[in-house]
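> Quick one, structure for this:
(one chain, ligands or ions: 1)
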Amino acid sequence: MSNTIKRIGVMTSGGDSPGMNAAIRAVARSCAYYKIQCVGFYRGFQGMIDGDFVEMDARSVKNIISRGGTILKSARSKEFLTPEGRQKAADNLKKADVDAMILIGGDGTFRGGKIFSEEHNIPVIGVPGTIDNDIFGTHYTIGYDTALNTVVDAIDKIRDTASSHNRLFFVEVMGRDAGFIALNSGVGAGAEEILIPEENLGLERLLASLERSRNSGKMSSIVVVSEGDKIGKNVFELAEYVTKNLPDYDSKVTVLGHIQRGGSPSCFDRVLASRLCVKAVELLLEGKRDLMVGFVNNQIESCTLESALKEKHDINLDLLRISDILST
Ligand code: F6P
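Prediction:
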């Protein structure tokens, strides 16, 4: 391993996700193992701009593997979008003797990291942490599995009351631009319909399917709607439209919101975060830079930040067919 990297910075940025603490822990512990220093920057890029950081050793990350959120806090920094903001951040890293950064977040984080590295010649490694799972170069992002379990648990509970009252529930889940959470939780919770931005099935088809459900003897139904879905303007308008056209249905809307971002990470997310972050530190020590680590076919791989940003993580649309068959 090369010894030009003596001090690594780590931060969490963008929307938080369960498992970010396990990731921070893995960075700090890997640094301790390889006998290099680690510093944690607060509030993502903003902490780099403000020079707001803390020294981290193996003990500073004790008992955080099970905690949701991020002990380093998270933010979306407007100032970092400007060359002046990035210059301040670079000056602060130099002052603090930080040789390289590990950036835990989503595509906004990687976009910022890539331009920062190019402008200031500071090596960065991205670690995918977002509940949305919408990052190319990894089959799973940190927090996605926990969010899925939270959603399935919530829909199971909604199912109980939907069934008691013979109601139709529209459950909105997160995913501003991607339907991963909706699609997988929908199949996992046995939803009757799943609406995602990647596939516009149309309002007529939704009405026909709900009508078929009713005629087949189903007394209650769950429709999982991704927040990024374009079929209705929003989930409330969608519910209104359906009720107008199918007046026999007693419809309700539940927006799950930010509970999906919290909670203790699943074992899967803890192990994923641990594996990705050990690799992130090792890549820097090998002299690699401007890469994103990812989980591909149960192996930890890496791809360039450029491809992570340019290419698209395709959703498995066959799950819609599976859902159709199983909601008969
Ligand atoms: O973390 C990703 C995400 O959960 C999106 O699905 C959602 O649209 C967004 O973050 C909302 O985040 P915030 O409320 O922090 O802006």
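
> measure whichever residue of the chain sits closest to the ligand to Cys267 for me?
Residue of the chain nearest the ligand, by Cβ to the nearest ligand atom: Gly15 (2.5 Å). Bear in mind the C-beta positions are built from the backbone N, C-alpha and C, glycine included. Between Gly15 and Cys267 the computed distance is 22 Å (Cβ to Cβ, to the nearest Å).

> More neighbours: which of the two?
Gly15 (21 against 9; other Cβ atoms under 10 Å).

> Kindly confirm my reading that the more buried one is in a strand.
No: judged by DSSP: H, G, I helix; E, B strand; the rest coil, Gly15 forms no part of a strand; its state is coil.

> Does it touch Ser74 like I think?
Yes: taking contacts as Cβ atoms under 8 Å, Gly15 lies within contact range of Ser74: 7.2 Å.

> Spit out the contact partners of the residue of the chain closest to the ligand.
By Cβ atoms under 8 Å, 6 or more residues apart in numbering, the residues touching Gly15 are Ser74, Gly106, Thr130, Ile131, Asp132, Arg261.

> Could you do Gln37 as well?
Counted by Cβ under 8 Å, 6+ apart, Gln37 has contacts Lys6, Arg7, Ile8, Cys31, Glu55.

> Around the second one, how many other residues sit close by?
If I follow you right, that is Arg7. Neighbours of Arg7 using other Cβ under 10 Å come to 16.

> beta partners for it?
Note on Arg7: beta-bridge partners Gln37, judged by DSSP bridges.

> what's near enough to touch it?
Ile36, Gln37, Cys38, Val39, Ala96, Asp97, Val98, Asp99.

> Buried ones among the contacts of Gln37?
With neighbours counted by 16 or more other Cβ atoms under 10 Å, the contacts of Gln37 contain buried members at Arg7, Ile8, Cys31.

> returning to that earlier point: what's the most distant pair in the contacts of Arg7?
Ile36 and Ala96 (14.0 Å; Cβ to Cβ).

> And Met1, what's its pLDDT?
Met1 is assigned 52 on the pLDDT scale.

> Repeat that for Ile8.
Confidence score, pLDDT, at Ile8: 98.

> Please tell me how far it sits from Ala26.
12 Å.

> One more: Asn121?
Distance from Asn121 to Ala26, by Cβ to Cβ: 26 Å.

> These two: which is more packed in?
Counted by other Cβ under 10 Å, Asn121 and Ala26 do not tie: Ala26 has more neighbours, with 25 against 9.

> thought the more buried one was touching Val278?
Yes: assessed by Cβ under 8 Å, Ala26 is found in contact with Val278 at 5.7 Å.

> where does the residue of the chain closest to the ligand land on pLDDT?
Value for Gly15, per-residue pLDDT: 97.

> from here on, count from 43
In the new count, where the first residue is 43, that last one comes out as Gly57.

> Need phi/psi at the closest residue to Thr346 other than its chain neighbours.
Nearest non-adjacent residue to Thr346, counting by Cβ to Cβ, 6 or more residues apart in numbering: Leu333, 6.0 Å away. Dihedral angles of Leu333 (phi, psi; degrees, to the nearest 10) stand at phi -120, psi 160.
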